[in-house]
Each structure stands twice: as C-alpha cells, then as structure tokens.
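In: Quick one, fold the following:
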Amino acid sequence: QVQLVESGGGLVQAGGSLRLSCAASGRTVSVYVMNWFRQAPGKEREFVAAITRSGARTYYADSVKGRFTISRDNAKNTVYLQMNSLKPEDTAVYYCAASARVQYYSTSPAFYDYWGQGTQVTVSS
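Out: As a prediction, the model looks like this:
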C-alpha cells in the first residue's frame, strides 16, 4: 500500500497562488490514479482534480477549471496541484487520494482507498 503526505497549504489573499504537493511512499505512485479532493467546514468532501496513471489525462471540477492544474512526477513519486486566482470559496482542507481500482478517474471519494492527512488552504478576501 501507499502512504500519502500533503504539503504546501497556507493563508493567501484572494487572487493569489499556492502549490500543493502530495508525496507518496511505500509503493510507486505510478500504479494509482491520483485525485485531489477538498472539504470545507460543514460541507461534504468534493472532487477537485484527477490525473491518470501516466499523466496523459487530467480532469477538473467546473469550479476550479482554468484556475487549477494537477500534475504528477512519477519519478519523484509526487503529485502536485497548482492553484491560481484563488477565491475565498476555495478555502478548505485539501486531500490527495490514490486509487488502484479506478480505470481513468472518478469524482467519488468512495473509490479512493488511500488518503493523506490533508493540508489547510485559507483564502482571505
């Protein structure tokens, strides 16, 4: 199995940028479809972005499309989420997650077996 550790969260003003990293250990990340999810206080965990095993395809929630970019470096066993033009509504705990079961991607957390501990992103207005 794989262990995931997120980093890069913090406090940023609206319009700013952050880059989240998800470092994997225990098994090569290249066998997993990788997602980013987020969860705001009082809300359900929601899909943000996904990337296929090779990195050839990426998928985004409508709310972040054009502002966020997911990427992966399988040689470094790391997945990234570049977040630009941040908005206060992007404030949440961001989680990376891995799935060996999904073929391309899924927006449902139920299909993801491995999760990091999360990193807080706070966007001030």
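
In: make it CA atoms for all contacts and neighbour counts henceforth
Out: Will do.

In: where exactly do the strands run in this protein?
Out: Here the chain has its strands, by DSSP state E, at 3-7, 10-13, 18-25, 33-39, 46-51, 58-60, 68-73, 78-83, 92-99, 114-115, 119-124.

In: Quick check: can you name the pairing partners of the shortest one and their directions?
Out: The strands that strand 114-115 pairs with in its sheet are strand 92-99 (antiparallel) (by DSSP bridges).

In: where does Ala75 land on pLDDT?
Out: For Ala75, the model assigns a pLDDT of 94.

In: if we can go back for a sec, got the strands of the chain as a markdown table, with distance to Ser106 and mean neighbour count columns?
Out: Putting the strands of the chain into a markdown table (distance: least, C-alpha to C-alpha, whole Å; neighbours: other C-alpha atoms under 10 Å) gives the following:
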| stretch | distance to Ser106 | mean neighbour count |
| --- | --- | --- |
| strand 3-7 | 18 | 20 |
| strand 10-13 | 27 | 15 |
| strand 18-25 | 18 | 20 |
| strand 33-39 | 8 | 25 |
| strand 46-51 | 8 | 24 |
| strand 58-60 | 9 | 18 |
| strand 68-73 | 15 | 20 |
| strand 78-83 | 17 | 21 |
| strand 92-99 | 9 | 25 |
| strand 114-115 | 14 | 19 |
| strand 119-124 | 21 | 20 |
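
In: Could you export the ones you listed to JSON lines, including columns for distance to Tyr105?
Out: Formatted as JSON lines, these follow (distance: least, C-alpha to C-alpha, whole Å):
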{"stretch": "strand 3-7", "distance to Tyr105": "18"}
{"stretch": "strand 10-13", "distance to Tyr105": "27"}
{"stretch": "strand 18-25", "distance to Tyr105": "17"}
{"stretch": "strand 33-39", "distance to Tyr105": "6"}
{"stretch": "strand 46-51", "distance to Tyr105": "6"}
{"stretch": "strand 58-60", "distance to Tyr105": "8"}
{"stretch": "strand 68-73", "distance to Tyr105": "13"}
{"stretch": "strand 78-83", "distance to Tyr105": "15"}
{"stretch": "strand 92-99", "distance to Tyr105": "9"}
{"stretch": "strand 114-115", "distance to Tyr105": "14"}
{"stretch": "strand 119-124", "distance to Tyr105": "22"}
